[in-house]
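Asks: quick one: sequence plus predicted model below, questions after.
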Amino acid sequence: MTSSRIQNRPLATLVLLAAVTGLLAAGAAAADEPPRVTLAETYDGDVDLTEYWVSEKYDGVRGYWDGEHLLTRGGVRVDPPDWFTAGWPDTALDGELWTARGDFARVSGIVRAHEAGDAAWRDVSYRVFDLPDHPGPFDARVPAIRAVVARIDQPWVVAIDQFRVADGRALDAALDAVLARGGEGLMLHRGGARYHAGRSDDLLKLKPYADAEAKVVGINPGAGRLDGLMGSLDVVTPDGREFAIGSGFTDEQRADPPPIGSWITYRHNGETANGLPRFARFLRRRPGGPPPEIAAEADTRGAPDD
């Protein structure tokens, strides 16, 4: 790393303010035990597609209803208006809090704000894609999801459309249709799988690019047109690979970049011969900190022996 991280005092001031704001916001939200949810592997084409249900991948905030509270995947309690969850069942729902395609930053701000306000929540829908407490396979949970949502009978609670495809060509056509609407990709859920925590090929994600998480370890000032703004971020992956990301940012994001110590999501197109992400570009800041599985690993390493 170079000394360019600590140059440009106005930028450093912005970073400090952003860090303080983030700490204050984090302190305003109640934290529960993170829910044990099913996590997706990446689709690589080596599965029998006739065994899977397919749905659109919605770019929102994972929302887990535990029968009493609405939680993020990391266990942060969400604070919607009372009417938003009124009449929901006392059994678990797994879904996505979502506003519109390409609108992740806005819905994330609404969901993670303390008392975001009634008007903002009017634009949020809860898109249910699973029933964690249901004992049956996903083939049985699909109609059960539709029945539960029908009983809730609220226009902002939606059962995600689940459909079948015959082969890879049909899957590609479904992906193209979602991308043409501004969507992010597809999810594939094995029909015979029961709900379980953890990552496996029972749930797969298909997108036209790969994405991953990294921690910000440096902020480099820009030059030329970007003078006075952030030029690039130095980041490190969970397995220790370090590189810079300089594309994918708006000027507004460059003026108020993710602070050192925060986590971001970036997209890339495979890896170079040296094992670094190819064409890495910024996608978004992770407002909840590190991915839950990384945080859990850190907690385990720091815990005393039993």
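Replies: That came through, no problem.

Asks: what's the neighbour count on the residue nearest to residue 159 when sequence neighbours are not counted?
Replies: Excluding the flanking residues, the one nearest residue 159 by Cβ to Cβ, 6 or more residues apart in numbering is residue 149, at 4.2 Å. Every C-beta, even on glycine, is put in place using the N, C-alpha and C of the backbone. By other Cβ atoms under 10 Å, the residues close to residue 149 number 19.

Asks: report whether residue 149 is found in a helix, as I expect.
Replies: Yes. Counting by DSSP: H, G, I helix; E, B strand; the rest coil, residue 149 is part of a helix.

Asks: how about the strands in the stretch 101-250 of the chain?
Replies: 125-130, 157-159, 185-190, 198-206, 210-221, 230-236, 242-245 (DSSP state E, counting those that start in this stretch).

Asks: and the fifth one, which strands flank it?
Replies: When you say that, I think you mean strand 210-221. Counting by DSSP bridges, the strands paired with strand 210-221 are strand 230-236 (antiparallel), strand 263-268 (antiparallel).

Asks: so which of these has the densest surroundings on average?
Replies: Highest mean neighbour count among the strands paired with strand 210-221 (mean count of other Cβ atoms under 10 Å): strand 230-236, with a mean of 21.

Asks: pLDDT of that strand, averaged?
Replies: Mean per-residue pLDDT for strand 230-236: 95.

Asks: identify the bridge partners of residue 266.
Replies: Here residue 266 shows beta-bridge partners residue 212, residue 282, assigned using DSSP bridges.

Asks: got JSON lines for the strands of the stretch 101-250 of the chain, with distance to residue 57 too?
Replies: Output for the strands of the stretch 101-250 of the chain, formatted as JSON lines (distance: least, Cβ to Cβ, whole Å):
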{"stretch": "strand 125-130", "distance to residue 57": "10"}
{"stretch": "strand 157-159", "distance to residue 57": "15"}
{"stretch": "strand 185-190", "distance to residue 57": "4"}
{"stretch": "strand 198-206", "distance to residue 57": "6"}
{"stretch": "strand 210-221", "distance to residue 57": "11"}
{"stretch": "strand 230-236", "distance to residue 57": "24"}
{"stretch": "strand 242-245", "distance to residue 57": "23"}
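
Asks: burial measure for residue 73, as a count.
Replies: Per other Cβ under 10 Å, the neighbour tally for residue 73 reads 18.

Asks: repeat that for residue 229.
Replies: When neighbours are counted by other Cβ under 10 Å, residue 229 comes out with 21.

Asks: and it, what does it touch?
Replies: By Cβ atoms under 8 Å, 6 or more residues apart in numbering, the contact list for residue 229 reads 11, 221-222, 251, 254-255.

Asks: so who does the residue nearest to residue 165 when sequence neighbours are not counted touch?
Replies: Among residues not flanking residue 165 along the chain, residue 171 sits closest, at 4.8 Å (Cβ to Cβ, 6+ apart). Under the criterion of Cβ under 8 Å, 6+ apart, the contact list for residue 171 reads 49, 54, 165, 186, 206.

Asks: if we can go back for a sec, most neighbours among the contacts of residue 229, which one is it?
Replies: Ranking the contacts of residue 229 using other Cβ under 10 Å puts residue 11 first, with 23 neighbours.

Asks: gap between the residue sitting nearest the centre point of the chain and residue 113?
Replies: Among the residues of the chain, residue 61 comes closest to the average C-alpha position under Cα atoms, centre = their mean, at 5.7 Å. Look at residue 61 and residue 113: by Cβ to Cβ, to the nearest Å, they are 12 Å apart.

Asks: got the contacts of residue 229 as a markdown table, with pLDDT and distance to residue 195 columns?
Replies: Formatted as a markdown table, the contacts of residue 229 follow (pLDDT from 0 to 100; distance: Cβ to Cβ, whole Å):
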| residue | pLDDT | distance to residue 195 |
| --- | --- | --- |
| 11 | 47 | 46 |
| 221 | 95 | 48 |
| 222 | 93 | 47 |
| 251 | 92 | 43 |
| 254 | 94 | 42 |
| 255 | 95 | 43 |
